[in-house]
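*Asks:* pasting a predicted model and its sequence here:
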Amino acid sequence: QVQLQESGPGLVKPSGALSLTCAVSGGSISSSNWWSWVRQPPGKGLEWIGEIYHRGSTHYHPSLKSRVTISIDKSKNQFSLKLSSVTAADTAMYYCVREGDYGDYGKAFDIWGQGTMVTVFS
Amino acid sequence: QSMLTQPPSASGTPGQRVTISCSGSSSNIGSTTVNWYQQLPGTAPKLLIYSNNQRPSGVPDRFSGSKSGTSASLAISGLQSEDEADYFCAAWDDSLKYWVFGGGTKLSVL
């Protein structure tokens, strides 16, 4: 059973960079899945940040594209998020997520990490 | 870019049937499939419906989904108190190449 676990600093200073890592256990990050980051500000809805495939291909949310980098480390079976120039608006619960491939039925976020809260404070 | 449109709230009494709508555009719902997620208080979201109307293993058949044109719906029949949660729809935007979520619907079981 694949499990995901986020890790990283819970506090980041404004204008600094947010860096999180997602460890994948119970399966290989080199499987035919995309791996995503999704965030949720307190009391608000979900926002997709971006995704990566094990071969290195990425897609990013258009409004975050200039500040986001998602990378993958196959040797450690993990993937990472870096968000630069953070502001209070980036305060949120950050989830790492696996996109299950359902073939002709498309893809869906089928496995979620428990989430890690990141607060941007001055 | 914009979110998919969902009603902010919905409610029903135990045993009732409720539906939650999700409206998008030709570049997302109109050209791809819709997924639904359930988020119980204080927990991570859980996949509830994929590909418009498919239930993952373990999801009760009280939950069903449908899609028509640029809109989709989630229906919950035989409403139970444990269904009280936030529900989100999501679809891939094939034009801008990104996943777009609905704003979420808070379901209350009265």
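*Replies:* Here it is on my side, so go on.
*Asks:* helix, strand or coil for the most far-flung residue of chain A relative to its centre?
*Replies:* Residue farthest from the centre of chain A, counting by CA atoms, centre = their mean, is A:Asp104 at 25.0 Å. For A:Asp104, the secondary structure call by DSSP: H, G, I helix; E, B strand; the rest coil comes out as helix.
*Asks:* what number of residues lie near B:Ser57?
*Replies:* By other CB atoms under 10 Å in any protein chain shown, 4 other residues sit near B:Ser57. Bear in mind the C-beta positions are built from the backbone N, C-alpha and C, glycine included.
*Asks:* wait, what's in contact with it?
*Replies:* By CB atoms under 8 Å, 6 or more residues apart in numbering or on different chains, no residues touch B:Ser57.
*Asks:* so what pLDDT did it get?
*Replies:* Looking at B:Ser57, its pLDDT reads 95.
*Asks:* flag every buried residue along stretch B:66-80.
*Replies:* B:67, B:70-74, B:76, B:79 (16 or more other CB atoms under 10 Å in any protein chain shown).
*Asks:* which parts of chain A sit against chain B?
*Replies:* Residues of chain A lying close to chain B (CB under 8 Å from any CB of the partner chain) are A:36, A:45-48, A:51, A:59-63, A:95, A:100, A:102, A:105-110, A:112-115.
*Asks:* again, only this time at 6 Å
*Replies:* A:45-46, A:48, A:59, A:61-62, A:95, A:102, A:105-106, A:108, A:110, A:112, A:114-115 (CB under 6 Å from any CB of the partner chain).
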